[in-house]
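>>> output the structure for:
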Amino acid sequence: MPTTPLSKDVLGADVELLLVDVDVLLQHLDCDASGLSEAEAERRLAVTGPNQLTVEQRSSLPAALLRQLTHPLALLLWLAAALALGTQGVTLGAAIICVIALNAGFALVQERHAEHAVAALALYLPPHATVVRDGRRRLVDAASVVPGDVMLVDEGAAVSADARILEGAVELDMSAVTGESAPVTRQAAPTPPTAADLGRRVVDAEDVLLSGTTCASGEALALVVHTGMSTELGRIAGLSTRTHQDPSPLEEQVRRVAWLIAGVAVAVGVAFLPLGMLAGLSFTEASVFAIGLLVANVPEGLLPTITLALAVGVADLARRGGLVKRLSAVETLGSTDVICTDKTGTLTQNRMQVHSVWSGSARRTIGDPEAVRLARVLRSCSTADREANLGDPTELALLDAADRVCSAALAPRASVEQVFHFDPRRRLMSVVAVPAAGATSGGHEVG
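Just a heads-up that it's a prediction; the model follows:
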C-alpha cells in the first residue's frame, strides 16, 4: 500500500525533528527559510545555551587517589608497611610506602587520561560557521549557532550543528559519527517525507547534516535543528561520560590473588602464635615472629612488577601508533583471540593513490605529451590543497598523481575563471579555466 505524506497533526513528542517535513520543521522552530535576525539569534542563544559539548563532572582528584590507595593489593602493602615499621625499622616501611605512592600516582595518571574523550570529540566541531542573519551571510562563532539558523555548508567546511538541507547537494565525510571514511551524498529531498520515513535512522537520512561531519564537495543551505549536546555528536559525548569501566581480567585475577595472599599470611601468622608458645617462646617473642611471617608472605614487589610490565607494553604500543587509556587494557588485548572491526581507516591508512594513468587508449609514461595535458587538467579541476593535505581524498590522490606524472613547472595550473562544484547527481565537477602560456585553451570537466 503506498505511503502518504506526513501531516502536521501526526507530529508527536517522540518524533525526531530532523526527519519531519520542512514546513512542519519551520513552524516548530518558529522561523523561515530566509534565516533569523541577529536579535532573535541572541535571544535563542540565551535560551538554548552555546553550541558546545559539555563534560559531565567525574570524581574529584582526591576521591580517585583514594580509590587507588585502597586497591586490595595496595591494602596488603599498607599492612606490610605497618608491620615492617613496627618490627624491622623505618627503612623497609618507608620503602613500601614509596612503592604504594608510586603505583597509585602512575595508575591515577593513566585513569585521568581516559576522561579526555569528550574533549577529543569537541575537536571535531569547527570554531566558526557561516549563517544567514538579517538577510546576509555572516561568519560567526560556531558556539553562537542556534536552532532556526540557516547555515551555509560548502567544500572543506565542517558542520557545526545537526541541520536539514533546504537546497543544494554535498558529499559528506561522516567518519566522526559513523566511522565510515567513504563520503556519502546528502541533498535536499525532492518530495515531502512520508510516515514510513520516521523509522529511518538520522545518520541514514539523505537530507540531514550532522554536527562534526565535513563537507568533501558541493554546497548546500541547511536549517539548524539541534545544537550542543542535543546533536548526534552530543549524544555520543553523553554516552562516553555515562559509561563505567568494568575491571579487566588482570584486575580480577590480581584482586583474587591479593585476598588469597592476605588470608594465607594472616592464617600463618595467627597459627604460629600457639605453636611458638608451645615451642618455649614467650608471647612477645612469638608475636614478633608471627608478624615477621606475615610481612614475609606479603609480596611487596608484585604490584610494581605488574605496573612496570604493563607500562612497557603501553610504551611499545605507543611506538607502533596505538593509544592505551588504561594499563590493564594491555593484558586484555593480549588475551584477545578475535577482533571484529571495520577495516577502512582502522586497519588501513585511509589514503588513496593513483595506480595507473591512462589517456586515450594507452597507458602514458612520464614526459608523454598526453600525460602532461592530463596532469594540467588534474591540477586545474581541483580545489584541494596537497601541501596542507586539505580537501577530498580523491582530489588529493589525483594531485599526487599529477606531480608524479610531471613536475608543476612542466604542467602549470591554469587560471580558473569559474568553478561548478561537484554535483552528486551529475557525478561531475566542472571548471572553466584559462590555460597557462603555451597550453591549449578550453574548459575542463572531471567525473
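
>>> you'd agree P435 is up against R376?
Yes - using Cβ atoms under 8 Å, P435 makes contact with R376 at a distance of 7.5 Å. For every residue, glycine as well, the C-beta is placed using N, CA and C.

>>> neighbour count winner among those two?
Neighbours were counted for P435 and for R376 using other Cβ atoms under 10 Å; R376 has more, 25 against 18.

>>> and the more buried one, that's in a helix?
Yes - under DSSP: H, G, I helix; E, B strand; the rest coil, R376 sits within a helix.

>>> ranges for the strands of the protein?
Secondary structure of the chain (DSSP state E): strands located at 128-133, 136-141, 150-154, 162-173, 184-187, 208-209, 214-226, 358-359, 362-363, 415-423, 428-434, 444-446.

>>> make CSV out of those strands and add mean pLDDT.
As requested, the strands of the chain are exported to CSV (pLDDT from 0 to 100):
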stretch, mean pLDDT
strand 128-133, 90
strand 136-141, 90
strand 150-154, 91
strand 162-173, 90
strand 184-187, 88
strand 208-209, 91
strand 214-226, 89
strand 358-359, 70
strand 362-363, 74
strand 415-423, 75
strand 428-434, 79
strand 444-446, 48
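
>>> would JSON lines of the ones you listed with distance to L18 be doable?
JSON lines is the format used below for the strands of the chain (distance: least, Cβ to Cβ, whole Å):
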{"stretch": "strand 128-133", "distance to L18": "18"}
{"stretch": "strand 136-141", "distance to L18": "22"}
{"stretch": "strand 150-154", "distance to L18": "14"}
{"stretch": "strand 162-173", "distance to L18": "6"}
{"stretch": "strand 184-187", "distance to L18": "12"}
{"stretch": "strand 208-209", "distance to L18": "5"}
{"stretch": "strand 214-226", "distance to L18": "5"}
{"stretch": "strand 358-359", "distance to L18": "43"}
{"stretch": "strand 362-363", "distance to L18": "47"}
{"stretch": "strand 415-423", "distance to L18": "24"}
{"stretch": "strand 428-434", "distance to L18": "28"}
{"stretch": "strand 444-446", "distance to L18": "33"}
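
>>> for the stretch 1-150 of the chain, which segments count as helices?
22-29, 38-48, 61-69, 72-87, 90-113, 117-122 (DSSP state H, counting those that start in this stretch).

>>> out of those helices, deepest packed?
Highest mean neighbour count among those (mean count of other Cβ atoms under 10 Å): helix 72-87, with a mean of 19.

>>> and that helix, what does it pack onto?
In terms of contacts (3 or more Cβ pairs under 8 Å, 6 or more residues apart in numbering; DSSP states H and E), helix 72-87 is packed against helix 90-113, helix 249-278, helix 283-297, helix 302-319.

>>> any idea which of the ones you listed gets closest to A362?
helix 302-319 (45.6 Å; Cβ to Cβ).

>>> avg pLDDT for the closest one?
Average pLDDT, helix 302-319: 74.

>>> now tell me which helix or strand of the chain has the poorest mean pLDDT.
Every helix and strand of the chain was ranked by mean pLDDT, DSSP states H and E. The lowest is strand 444-446, at a mean of 48.

>>> quick revisit: and the helices of the stretch 1-150 of the chain, which one averages the lowest pLDDT?
If the helices of the stretch 1-150 of the chain are sorted by mean pLDDT, helix 117-122 sits at the bottom with a mean of 54.

>>> that older thread, for the helices and strands packed on helix 72-87, could you give me JSON lines that also reports distance to L18?
Listed next are the helices and strands packed on helix 72-87 as JSON lines, based on distance: least, Cβ to Cβ, whole Å:
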{"stretch": "helix 90-113", "distance to L18": "34"}
{"stretch": "helix 249-278", "distance to L18": "41"}
{"stretch": "helix 283-297", "distance to L18": "63"}
{"stretch": "helix 302-319", "distance to L18": "39"}
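
>>> which one of those helices lies closest to L75?
Taking these one by one with Cβ to Cβ, helix 249-278 is closest: 7.6 Å.
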